[in-house]
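Asker: fold the following.
(chains A and B)
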Amino acid sequence: MITPLPRALHPGAWWLWALGLAVAASRTTNPVLLLLIIAVAGYVVVSRRTDAPWALSFRMYLLFGAFIVVMRVLFRIVFGGGQGSTILFTLPEIPLPEAAAGIRLLGPVAAEQLLGGVYDGLQLAAMVICIGAANALANPKRLLKSLPGALYEIGTSVVVALTVAPQLIESVQRVRRARRLRGASGKGRGALRGILIPVLEDALNRSLALAAAMASRGYGRVGATPARTRLLTGLLVIGGLLGVCAGLYGTLDPSASRLLGLPLLLGGSAVAVAGFLLGGRRVRRTSYRPDRWRGAELLTAAAGLGAGALMYVSTRVDPANLYPSLSPLSWPEVAALPVAAILVGLLPAFLTPPPPPPAPAVPQDAPALQETRA
Amino acid sequence: MITFDSVSFRYDGAARPTLAGVDLRVEEGELCLIAGRTGSGKSTLLGAVNGLVPRFTGGELHGTVTVAGQSTHSRPPQEFAQLVGVVGQDPLAGFVTDTVEEELAYGMEQLAIGPETMRKRVEETLDLLGIAELRHRPLRTLSGGQQQRVAIGAVLTAHPSVLVLDEPTSALDPTAAEDVLAAILRLVHDLGTTVVIAEHRMERVLQYADRLLYLPGDGTVRSGAPAELIAEADIAPPIVHLGRIAGWDPLPLSVRDARRRAAGLRERLAGHLPPGPAARGGEVALTARKVTVSYGERIAVREVDLALRGGEIVALMGRNGSGKSSLLWALQGSGPRRSGEVAVPAEGAGAQGTDPGAVSARQARALVGLVPQTAADLLYLQTVDGECVQADTESGAEPGTCRALLDLLTPGIPGERHPRDLSEGQRLALVLAVQLTAAPGVVLLDEPTRGLDYHAKRHFGQVVRELADGGRAVVIATHDVEFVAATADRVTVMAEGEIVADGPTAEVICSSPSFAPQVAKILGPDPWLTPDQVAAALAPAASPEGAR
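Answerer: Alright, predicted model coming up:
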């Protein structure tokens, strides 16, 4: 078999894959399965990430996961919670006033209590790490680029905001350095003013220049779209999204009226989609080298979603070993179906095309060329 | 291609119109240079071409501007995207995406050009501008010249018939500027693009221009052939000055023209020699030994030794990113310094002198004053007077010191004016006065002449000379060879963080063609650097044909 040519996958595919894995993680507290999910996500990231800056963030997510587990266990030790009979050691209990009855500080620490903390923490950590994997594999800006046409303006504002942030930091550093030239210590109200005013002025000038540059390159062309259509599109999209929000609230809050739930959610979605379609039709814009859904993308998304779905099936078939028992304490047991479900998520590491190789380093100013000319 | 039909424009609240009754035509395929002093309305004229003026600036525009028969009155700038490509002064400020390839495609995406065409045009443009090897690079990591070429490429992909450029080479070193100009000339010659360009450094563009639009400053625009119109313009590159001194008619615009006619002038100058470097250099004002600056892995300045003497003006040259700014900041003590020593003789410091990096910011400032590249960063108060008073208190100087210095540098700046409303030259003078209030013995200036017209530059050169005559050591980091030729006593050239040449101005700048000023290219091998030197040499002879 010929190995596929290196290319970057559609960012949406990675996100679907990661969400599928996260759903799988949410269905179990079995530490063996959770560690397996983390291992799968980690392996796919290592074999399919590029050397772009966002791809290096995965380690941060792993550390964050570890932090979550440690915090969960510490909370269990400090505040008690989760009863258990296997006392490992006893910490001196801090007596609390009557008003705080039911809350215990420190005191006896049971094995069940600690394990419960580890399981809970591991579940949350696994879900966070799945999201981290999507972040490391998919270029966030390309994801914004594949938004539907009607949301294009929002996508552009986010992209511009993302590039402005580092510029703002740069300009703060530059002005702070300049403040030192006037002998300022860099502290106090005067210093704040001395930094804030030049930075804001700079940012304002820059955004005006950017707006002018974007306009003169054709951004925001409305062409021949009548104003009425534009108004209608806006109303449909905003109204629809409001409906979706209210509907979500209705479905999640059991005390809300039935009418507020599913019907509103579906209705709102329909209106919003209509708005997108109407808006998308008026957009006269093309996309340069768009990411396309091809076999590998479908396979990646299917692998992630499949893992989630199989895990869901497994909760129906045999929920026992997905939630290992704490009382009585027992070794977590693992059945074949959930393991198979999670291993499905590993497929993209082998079956998708490898990421493009890093761009060759080019010398800053191509000095050889300039010297020959001089 | 472009027509202005009795166009007048006035900014909101301005006392007099920026443009008044402008009638002009720019024909298809012309390279058109806009010249005029700072504030004469060059940028306004450029902005009016695609309607950014008045739609983005406010103000009142009368008359009609049309491009290829379409009036800017009825359609917004967006609709001119495929007709007019606009490249601003700071290319980085106009970038929307973050890699070269995406930036080139951005304009086409907005114009809904088909994917196959887009792909093809991106490749063509990469080749046309010689930036193919940069295609995947993030825009922020490019050098100034590369960014400028990408910015030009990004508007070219829409295939505009008019290209509008505002100061495309003023921030670039001589070689990078040549690259950008070569790219522009290629567009004019190969594609027949109409190019409208405003540039302070006229010596770089004038010879290629088909038409000169001269803005005398009263709101009118005069249009004509460059060789004729430049004769009466109050701003002119050194080559034109030399032509006037020598009495050549028509005036030469390129070094080649002038060189072919210069035989007579060289004969008249035989026997004269430009005044050699005056015996400058009093006491040593600053010594640097093995100064090294690094940012992480990258070494910006590598073991540089430098000695500055009072009364001496040193020009620090070198391409963008060669470490000039890092060296200046390290010498002043506010910037990072990895290793090495800097010593400034000071009262009570003994033989070793004081290290400005080791004392407080306030003390460092009294030893070495630095005017950074973006001088406006230092200003944050509402009025000029406010800044002056603040400068007096923070330097512990007599009240009124700063204002007196400012009046000495550039008289007549109104005290209640907001610093932002000053002209480029006035703002520079204000920042310089603020820094001089602390009475430093060494003054470092980072790219001070950026955005100054010939008059302001000349005036600034005199200011710098007075500072040096007052016993201070002055260092100017700059790309402007003509300014260096007229002002500096000594030139230091840096490359890759090291000093590669250091010596008297004439010796250093005449030895390399890319750094040589126009007069040296015309009158070489004799070391004449500026038209003023030639005029001074000819004056006593009072030759009748020279005094025209």
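Asker: off-centre distance for stretch A:326-337?
Answerer: If you compare the mean C-alpha spot of stretch A:326-337 with that of the full chain, they lie 31 Å apart, counting by C-alpha atoms, centre = their mean, to the nearest Å.
Asker: tell me the pLDDT at B:Gly546?
Answerer: What the model reports for B:Gly546 is a pLDDT of 40.
Asker: residues contacting B:Val150?
Answerer: Contact criterion C-beta atoms under 8 Å, 6 or more residues apart in numbering or on different chains gives B:Pro91, B:Phe95, B:Val100, B:Glu103, B:Leu104, B:Leu129, B:Ile131, B:Leu134, B:Leu139, B:Leu142 as the residues in contact with B:Val150. Yep, even glycine has a C-beta here, placed from its N, CA and C like the rest.
Asker: quick one, which of those residues are buried?
Answerer: Among the contacts of B:Val150, those buried by neighbour count (16 or more other C-beta atoms under 10 Å in any protein chain shown) are B:Pro91, B:Phe95, B:Val100, B:Glu103, B:Leu104, B:Leu129, B:Ile131, B:Leu134, B:Leu139, B:Leu142.
Asker: distance of the second one from B:Glu133?
Answerer: The one in question is B:Phe95. Relative to B:Glu133, B:Phe95 is positioned 19 Å away (C-beta to C-beta, to the nearest Å).
Asker: and what of the fifth one?
Answerer: Counting by C-beta to C-beta, the separation of B:Leu104 from B:Glu133 is 14 Å.
Asker: okay, now residue 184: neighbour count?
Answerer: All of this refers to chain A. A:Ala184 has 21 neighbours, counted by other C-beta atoms under 10 Å in any protein chain shown.
Asker: can you look at chain B instead?
Answerer: Number of residues near B:Ile184 (other C-beta under 10 Å) recorded here: 25.
Asker: from B:Ala227, how far out is it?
Answerer: Separation of B:Ile184 from B:Ala227 (C-beta to C-beta) stands at 20 Å.
Asker: circling back to that earlier point, relative to chain A, which of the buried ones among the contacts of B:Val150 is nearest.
Answerer: Using C-beta to the nearest C-beta, B:Leu134 is the member of the buried ones among the contacts of B:Val150 that lies nearest chain A, at 6.5 Å.
Asker: just checking, the closest one touches B:Val100?
Answerer: Yes. B:Leu134 lies in contact with B:Val100 (C-beta atoms under 8 Å); the separation is 5.0 Å.
Asker: joint contacts of the two?
Answerer: B:Leu142, B:Val150.
Asker: which of the contacts of B:Val150 sit farthest apart?
Answerer: B:Phe95 and B:Leu129 (15.3 Å; C-beta to C-beta).
Asker: read off the pLDDT value for the nearest residue to A:Leu147 once chain neighbours are set aside.
Answerer: In space, A:Leu147 comes closest to A:Gly155 once its chain neighbours are excluded; the distance is 4.6 Å by C-beta to C-beta, 6 or more residues apart in numbering or on different chains. At A:Gly155 the predicted local confidence, pLDDT, stands at 75.
Asker: next one: the one 5 residues further on
Answerer: You'll see A:Val160 listed with a pLDDT of 76.
Asker: one more: B:Ala158?
Answerer: The score at B:Ala158 is 91. That number is its pLDDT.
Asker: just the element for it, please.
Answerer: Under the assignment given by DSSP states H and E, B:Ala158 is not contained in any helix or strand.
Asker: state the number of residues packed around it.
Answerer: Neighbour number of B:Ala158 under other C-beta under 10 Å is 20.
Asker: backbone dihedrals for it, please?
Answerer: Its backbone dihedrals place B:Ala158 at phi -80, psi 0, with angles given as degrees, to the nearest 10.
Asker: state the number of residues packed around A:Leu192.
Answerer: Applying other C-beta under 10 Å, I find that A:Leu192 has 11 neighbouring residues.
Asker: just the element for B:Asp234, please.
Answerer: Using DSSP H and E, B:Asp234 is not contained in any helix or strand.
Asker: do I have it right that it meets B:Pro216?
Answerer: Yes. With contact taken as C-beta under 8 Å, B:Asp234 and B:Pro216 are classed as touching, separated by 7.3 Å.
Asker: who has more neighbours, these two?
Answerer: In this view B:Asp234 and B:Pro216 are compared by other C-beta under 10 Å, and B:Pro216 has more residues nearby, 16 against 13.
Asker: whatever residue of the stretch 151-300 of chain B ends up closest to chain A: how many residues sit nearby?
Answerer: Of all residues in the stretch 151-300 of chain B, the one sitting closest to chain A is B:Thr175 (4.9 Å; C-beta to the nearest C-beta). The burial metric for B:Thr175, expressed as a neighbour count using other C-beta under 10 Å, is 19.
Asker: swap in the one 3 residues further on?
Answerer: Applying other C-beta under 10 Å, we find 18 other residues in the vicinity of B:Glu178.
Asker: okay, and it sits in which element?
Answerer: Here B:Glu178 is covered by helix B:174-186, with elements defined by DSSP H and E.
Asker: could you list every helix and strand in contact with the helix or strand following that helix?
Answerer: From helix B:174-186 onward toward the C-terminus, using DSSP H and E, the following helix or strand is strand B:194-198. The helices and strands touching strand B:194-198, judged by 3 or more C-beta pairs under 8 Å, 6 or more residues apart in numbering or on different chains; DSSP states H and E, are strand B:31-36, helix B:42-49, strand B:162-166.
Asker: TSV for those, including mean pLDDT, distance to chain A and mean neighbour count?
Answerer: Converted to TSV, those look like this (pLDDT from 0 to 100; distance: least, C-beta to the nearest C-beta, whole Å; neighbours: other C-beta atoms under 10 Å in any protein chain shown):
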stretch	mean pLDDT	distance to chain A	mean neighbour count
strand B:31-36	93	17	25
helix B:42-49	92	8	23
strand B:162-166	94	9	24
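Asker: out of those, which is closest to A:Leu21?
Answerer: With C-beta to C-beta as the criterion, A:Leu21 lies closest to strand B:162-166 of these, at 50.9 Å.
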